[in-house]
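Engineer: build me a model:
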Amino acid sequence: MRVVGGSERGRALRSPKGDDIRPTSDRVREAVFNMLDTLGGVDDATVADLFAGTGAFGIEALSRGASSATFVERDRAAAALVQANLDALGLAERGRVLRLDVVRWLDTAGPVDVAFADPPYAFDQWPVVLDRLQAGLLVAESNRELDLGARWELLRCKHYGSTVVHVARTALDSPGDLR
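Structural biologist: All right, here's what the predicted structure looks like:
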């Protein structure tokens, strides 16, 4: 797995051993960032990488000019892996790794410009995340199409094999509109 664009393009990311973390493929990440580029990109954005795993989404955003990224990951080994990747790429001062449950983090989290949410496919608390998340743009990855609810306006939904990527923005009439 590598950073696919920006200042760290081509640099390797450490990946976990075993099947506990399902890293998003380079191909899918590149497609996601191409979609985001058509929407204004991530330059100077504040980013949240939820269910961070390896931190690939947030690190990619930092590589492409995001001002900061918060990585939320409850698994101790995965959080350490994210920190190791940030350190190895010299991005640690712009990234913050929080070893917390995402749903708990959302109770106190402030708004971000872009949020990446890539939980385990068995995750069943999407309605809670979608209701509490304060983000201008959302990239949600799942193994199925999601009902994003009234707070979100679906911009794109793309299938990549068994992976379904949703790109949405806060709906104009939604409470807490960030645009």
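Engineer: isn't Arg76 up against Arg99?
Structural biologist: Yes - counting by Cβ atoms under 8 Å, Arg76 does reach Arg99; the two are 6.3 Å apart. In short, each C-beta sits where N, CA and C put it, glycine included.
Engineer: out of these two, which sits in the busier spot?
Structural biologist: Arg99 (16 against 9; other Cβ atoms under 10 Å).
Engineer: ok, how many other residues are close to Val42?
Structural biologist: By other Cβ under 10 Å, neighbour count at Val42 equals 25.
Engineer: and the gap between it and Leu130?
Structural biologist: Val42 sits at a distance of 21 Å from Leu130 (criterion: Cβ to Cβ, to the nearest Å).
Engineer: ditto for Ala69
Structural biologist: 20 Å.
Engineer: what does Ala66 give?
Structural biologist: Distance from Ala66 to Leu130, by Cβ to Cβ: 22 Å.
Engineer: same drill for those two, tell me which one is more crowded.
Structural biologist: Per other Cβ under 10 Å, whichever of Ala66 and Leu130 has more neighbours is Ala66, with 25 against 19.
Engineer: can you confirm that one is in a strand?
Structural biologist: No - going by DSSP: H, G, I helix; E, B strand; the rest coil, the assignment for Ala66 is coil, not a strand.
Engineer: quick one: residues contacting it.
Structural biologist: 42-47, 58, 94, 114 (Cβ atoms under 8 Å, 6 or more residues apart in numbering).
Engineer: buried only: go through the residues you listed for me.
Structural biologist: 42, 45-47, 58, 94, 114 (16 or more other Cβ atoms under 10 Å).
Engineer: which one of these is nearest Glu153?
Structural biologist: Using Cβ to Cβ, Val114 is the member of these that lies nearest Glu153, at 14.8 Å.
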